[in-house]
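Novice: The following comprises the amino acid sequence and a computationally predicted model.
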Amino acid sequence: MKKPARKVPTPKQAAANKELLNWVFADLAAGNGRPFVEMLADEVVWHVEGSTAWSRSYRGKAAVKADLLEPLFQVLAGPNPLTVSRMIAEEDCVAVQARGNARTKAGVAYCNSYCMIFRLNDGRVVEITEYADTALIERVLPYPAMAGVTAG
């Protein structure tokens with residue numbers, strides 16, 4: 001039996017994906033993370049690159065929330081508004097260069113620079129690969145001991 005051909009995204013789909021992420025990141029810059037979480041597919045895989053305590057692949061929306069986002073907000077004093085400086089879309093992927101601006105509950109500034117590659121399918125994020133300043137992460141963001149149960 002012949003394997004079905006992979007659907008090749010059109011330039012219009014790339015533009016639509018970029019527009020969606022522009023909208024979501026505008027909300028993130030204002031401190032509202034709800035649209036970001038809502039656009040994650042149930043089967044999303046979020047790869048945090050590096051060798052920090054946070055670095056791994058979080059598989060599924062439930063694991064992303066329980067083992068990445070909730071522990072992050074146990075450490076941060078509030079939202080981490082991200083300001084986008086560059087966004088490039090091609091096929092089903094959008095690359096986002098952004099800078100965060102947050103503080104930890106200990107009062108330490110956490111202003112990391114990110115490059116995140118988003119892969120979308122039908123308006124939902126199915127994969128994220130995140131690159132950031134891992135030395136800053138190690139220095140400022142301890143991974144809470146009670147987290148990390150469902151990540152894979």
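Specialist: Done, it's in.

Novice: Who are the packing partners of the longest helix belonging to the chain?
Specialist: If each helix of the chain is counted by residues according to DSSP state H, the longest one is helix 11-29. With contacts defined as 3 or more Cβ pairs under 8 Å, 6 or more residues apart in numbering; DSSP states H and E, the packing partners of helix 11-29 are helix 34-38, strand 82-90, strand 93-100, strand 113-121. Using the backbone N, CA and C atoms, a C-beta is placed for each residue, glycine as well.

Novice: Rebuild these as TSV, extending it with mean neighbour count and distance to residue 67.
Specialist: Output for those, formatted as TSV (neighbours: other Cβ atoms under 10 Å; distance: least, Cβ to Cβ, whole Å):
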stretch	mean neighbour count	distance to residue 67
helix 34-38	13	14
strand 82-90	15	20
strand 93-100	18	19
strand 113-121	18	18
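
Novice: Nearest the geometric middle of the chain, what residue?
Specialist: Here the mean C-alpha position of the chain is nearest to the C-alpha of residue 128 (Cα atoms, centre = their mean), at a distance of 5.8 Å.

Novice: show me the contacts for it.
Specialist: For residue 128, the contacting residues are 44, 45, 46, 47, 116, 117, 118, 119, by Cβ atoms under 8 Å, 6 or more residues apart in numbering.

Novice: Going by distance to residue 72, which of those residues wins?
Specialist: The shortest gap between residue 72 and any of the contacts of residue 128 belongs to residue 46, at 11.6 Å (Cβ to Cβ).

Novice: Identify the residues contacting the helix or strand encompassing the closest one?
Specialist: Take DSSP states H and E as the rule and residue 46 turns out to sit in strand 40-48. Among residues not part of strand 40-48, those counted as contacts by Cβ under 8 Å, 6+ apart are 54-61, 64, 68, 121, 124-130, 132.
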